[in-house]
Every structure is written in C-alpha cells, then in structure tokens.
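Student: Just to be clear, the model below is a prediction. Sequence and coordinates:
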Amino acid sequence: MKQYIKENESRFYEELFSLLRIPSVSSEPEHKADMGRCASRLCELLLSAGADSAQVYPTAGHPVVFAQKLLSAEAPTVLVYGHYDVQPVDPIDEWKSAPFEPEIRDGAIYARGANDDKGQIFMHIKAFEYLCASGRLRHNVKFIFEGEEEISSPSLPEWVKAHKDLLACDVILVSDTTMISAKVPSINTGMRGLAYMEIVVKGPDADLHSGHYGGAVANPANVLCQIIASLIDKDGRVTIEGFYDDVVDLSSDERAMLSKAPFSEQEFRDEIGVPGLRGEQGYTTQERRSIRPCLDVNGIVGGFTAEGSKTIIPRQASAKVSMRLVPNQHCEKIADLFRKHIARIAPSDVMVEVIEHHGCDGFLIPVSSKAYQAASRAMGEVYGIEPVPSRGGGSIGILADMQQILGADPLLMGFGLERDFIHSPNESYLLDQLFKGMESIALFYKYYDK
C-alpha cells in the first residue's frame, strides 16, 4: 500500500481536511447542522472508496452513518466502528492555529479531530479503498460511524439493537485509542468502564454572612470536602463498601505480560508536569492506569470564586465524580453502591443528593483470538517489531454494548500517541502514524480469517 499512498497523498490530505473543516461538536446545539454535513461527507467518501451503499440514518440524537460492501455469505465480515463527532475547542486562545482549519507542521496534522477520531476512521476508509482498487478485498466490510461518542453515545445502543441483523459481523474493528509509542506499537486488549456521578450538598436557603453564622451552621462546601476526602484511604483504595467485590485480580503471568511495555516514571512525570505520583498501594503506575479501578473528582462548584473576596457560607456545593471500572465490575451496581455509601456518611445537618449522570461497562478481548493475532502480525510487519498487548484506562462505552448485542468482540487497533493531545488545544496526528495505520489496517485484512 506504500505506493498507493504515495500516488494519492495530496488527494488524501484534501479529503481528510474536508472532514476536519466541519465543526462537528456533538455537545453544542449550534453545531447540529454540522453533524449532518459531516455524516453526509462520510457517505460520499465511503461510496467513492468502493462501498456498495452508504446511508445516513437518523437517531434520537445525532445521525449514524452506515455503509457496506458484501462479497459473499461465506466471507468473514468486519464491522469498522468509529465516530465523527469531536470535542469542543475551548480554550480557543491556546490554539496555535485555527482548530477547524487543518494545518500541517512538524510532520503532523493539527486540527480538532485530527486524531480523535476523524483521522483514525479516515485510515480505515483509505485502506478499504486500496483493497477495492487493487482487487485484494476478500472480506465483507461494514462501517458504522456515530456522532455521539464524545457525549457517551446515548442514542446508539437502541439503534444497534434495532439494526442488529444489518450489523452482523465476526469482529468489530476500532481505531479510537493510542499505542505506547511510535517505536513500540501496542494493541489494546481492553478498556475500563465508567460510573459518572454528582454529589450535591445543600445547606441554608441562601448564602450566609460567614461572620454572623460561621461556626454555628454546617458549611456545604466544608461538608462536601469532608465527604470527598473520605472516599479514598491512605493506601489509595476506594472506601465504598463492596466497590472491589467483583474486581478480578490478574495473575502474575498476566501482569508480567503487560509489564513488557516500556515505561519510564520520570518521563511520565515530566510529560504531565507533576513532582510525584500517587495511587493504590501494591500496583505499578501503569497498572493503576489500566487494570485497577479508581475514583476521581472531576470538578467542584460552590461559593464565591470570582476575583476579590466575599465572606459567605454558600448555600450549596457540588462535585462531579468519575469512577473508572475494570471488566467484571458493572456501572449500575457501582452507581448504586456509591449512592448508598454517600447516604450512610452524609451528616444530618445538611441535605445531600446524589445524581447519576451516565455509565458504561468495560471489556476484555483475548490475545489468543484470530483478530488479535492478525492485527499483531500486520503491525509487526509495518513497524518492524511485534506489538505488545496493553490495557486502556479510558472508556468507550458503546463497545461493551455492541459486544453484548452483536456477539462479536471489538479489536482496538489504535494509532494515536499521547503527544497528540486529544481533547486539548492543538490536537494533532503524525503523518507517519496516519500512513502506517493505513498500511497496518490493509494487512489486517490479509491475515484475518474468522
């Protein structure tokens, strides 16, 4: 495929840039029309790449793109999943170039969505195009690109259930993750789940003067901080009763396999700008980020936070809390345990409410699967080194739903790097990774059999 990329490189840029210029921000209502435009553009690219059919399907939220090329009932069927929605661009003043005007510099494409996930789904379209154009395609290939992944895919599970037969496949191929490094490729064998909650502490009917009332009434902000501080003990373990009941400990052999991935704590600290690391005792930094569950406060609101001073006791304070879950933990159960725990420890001199926002389960795939072995062989051929298995710390909730509904395992064959700064200003995607991704995906089809 190297020669095909070389011959079509300028066209590839033009087509990818046409996607990146569309501000398909799913969380912002003013971009609803842009979501439809992006979905339509994907249909055009899929049809020109060789799909027999491509259609935009409405959902309760943003539309789904589905395309397919069917060869025979006997051929293996690969379902390619990805998403065309992107994160908001704020803070806009930290971008070195306009987020929706893609720019190539320093060997990378800079734009919102360059990696996550427009650049990565584009690799699949072009690998498919090459296979069709060269007569090498021997699989049935289906594509499902959604527009709600960045807002937790609220509409997609029902759509997948309603179109189960249309989506029938042997494997779900996904590029929406990162690899360890450009020199040490990796294949993600699982993702963590998520339970996303909010704690709201309410006190007096209105903000009170802290001089007149301080020391006499419970301060919701103080109480909230006490509750939050109690959720993790000195050993870094979550204190919610029953939280670890369903966690399956990895064997020493499994931990040894995952530890093969090169990792420098010093480089890790330097990269994110922290003086030290903290987490659950008895586990390495990499294990804490992937095979262990955790709890984090994502934001706290309460009281006066503007410039200057305003001496009050706030009437209300709240915190958003995320719990990353490992496979075998279930988000509904963890959310219920969280709610009951907060109710048990809440003091009686304030009102405490727990709100459940959303959640998803994690999943695992075996390294012995034919899909994993095909991906490993393909990436090893392109990168010149056998990829190592890794576990993702983030969540792609819809994949666990699709695995259950369709009865097919996802394979996370991602080519992003930590340096790409997805979800942040100056998101980028290295051109070398873009093209090696295309090559690896094309070779996956060569080596994959059901």
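Tutor: Looks like it came in fine.
Student: And the strands in the stretch 101-250 of the chain?
Tutor: Listed from the start of the chain, the stretch 101-250 of the chain has strands (DSSP state E, counting those that start in this stretch) covering 103-105, 108-110, 140-146, 171-174, 186-191, 193-202, 208-209.
Student: Select from those strands the stretch with the lowest mean pLDDT.
Tutor: Ranked by mean pLDDT, those end with strand 186-191 at the bottom, a mean of 92.
Student: for it, the distance to its chain's centre please.
Tutor: 12 Å (C-alpha atoms, centre = their mean, to the nearest Å).
Student: next one: stretch 80-90
Tutor: On the basis of C-alpha atoms, centre = their mean, stretch 80-90 sits 10 Å off its chain's mean C-alpha point.
Student: tell me the mean pLDDT for it?
Tutor: pLDDT averaged over stretch 80-90 equals 97, rounded to a whole number.
Student: Could you export that stretch as CSV, keeping only the C-alpha atoms?
Tutor: Output in CSV follows, covering the C-alpha atoms of stretch 80-90 (Å, rounded to 0.1, in the frame of the first residue of the first chain):
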residue,chain,number,x,y,z
VAL,A,80,-15.5,-0.9,11.4
TYR,A,81,-16.7,1.4,14.2
GLY,A,82,-15.7,5.0,14.7
HIS,A,83,-17.1,8.4,15.5
TYR,A,84,-17.2,11.7,13.6
ASP,A,85,-18.1,14.0,16.5
VAL,A,86,-15.4,16.0,18.2
GLN,A,87,-14.7,17.7,21.5
PRO,A,88,-15.3,21.5,21.9
VAL,A,89,-12.3,23.6,21.2
ASP,A,90,-12.1,25.8,24.3
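Student: when you give positions from now on, start the count at 636
Tutor: Shifting the count to begin at 636 puts that one at stretch 715-725.
Student: on that earlier part again, got the strands of the stretch 736-885 of the chain as TSV, with distance to E915 and mean neighbour count columns?
Tutor: In short, each C-beta sits where N, CA and C put it, glycine included. Listed next are those as TSV, based on distance: least, C-beta to C-beta, whole Å; neighbours: other C-beta atoms under 10 Å:
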stretch	distance to E915	mean neighbour count
strand 738-740	40	13
strand 743-745	35	23
strand 775-781	34	25
strand 806-809	28	25
strand 821-826	18	24
strand 828-837	17	22
strand 843-844	39	15
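Student: Out of those, which is closest to D888?
Tutor: Evaluated with C-beta to C-beta, the strands of the stretch 736-885 of the chain place strand 821-826 nearest to D888, the distance being 14.2 Å.
Student: elements contacting the closest one?
Tutor: Using 3 or more C-beta pairs under 8 Å, 6 or more residues apart in numbering; DSSP states H and E, the elements in contact with strand 821-826 are strand 998-999, helix 1005-1018, strand 1023-1027, strand 1045-1047.
Student: Contacts for it, please.
Tutor: Applying C-beta atoms under 8 Å, 6 or more residues apart in numbering, the contact partners of strand 821-826 are 812, 814-815, 896, 962, 997-1002, 1007, 1010-1011, 1014, 1022-1027, 1029-1031, 1034-1035, 1046-1049.
Student: Can you flag the buried ones in those residues?
Tutor: Burial of the contacts of strand 821-826 was assessed by neighbour count (16 or more other C-beta atoms under 10 Å); the buried members are 812, 814-815, 896, 962, 997-1000, 1007, 1010-1011, 1014, 1022-1027, 1029-1031, 1034-1035, 1046-1049.
Student: tell me which element I990 is part of?
Tutor: Element membership for I990 (DSSP states H and E) is strand 986-995.
Student: Now do the buried residues in that strand.
Tutor: The neighbour-count check on strand 986-995 (16+ other C-beta under 10 Å) flags 987, 989, 994-995 as buried.
Student: Alpha carbons only: can I get stretch 813-828 in CSV?
Tutor: The C-alpha atoms that make up stretch 813-828 are tabulated as CSV, following Å, rounded to 0.1, in the frame of the first residue of the first chain:
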residue,chain,number,x,y,z
THR,A,813,-3.5,5.2,21.4
MET,A,814,-0.4,3.0,21.3
ILE,A,815,2.5,3.1,23.7
SER,A,816,4.9,4.9,21.3
ALA,A,817,5.7,5.2,17.6
LYS,A,818,8.7,2.9,18.3
VAL,A,819,6.9,0.4,20.4
PRO,A,820,3.5,-0.3,18.9
SER,A,821,0.8,-1.9,21.1
ILE,A,822,-2.7,-3.4,20.7
ASN,A,823,-5.3,-2.5,23.3
THR,A,824,-6.9,-5.6,24.8
GLY,A,825,-9.5,-3.9,26.9
MET,A,826,-10.9,-0.7,28.3
ARG,A,827,-12.2,0.4,31.7
GLY,A,828,-15.8,1.1,32.3
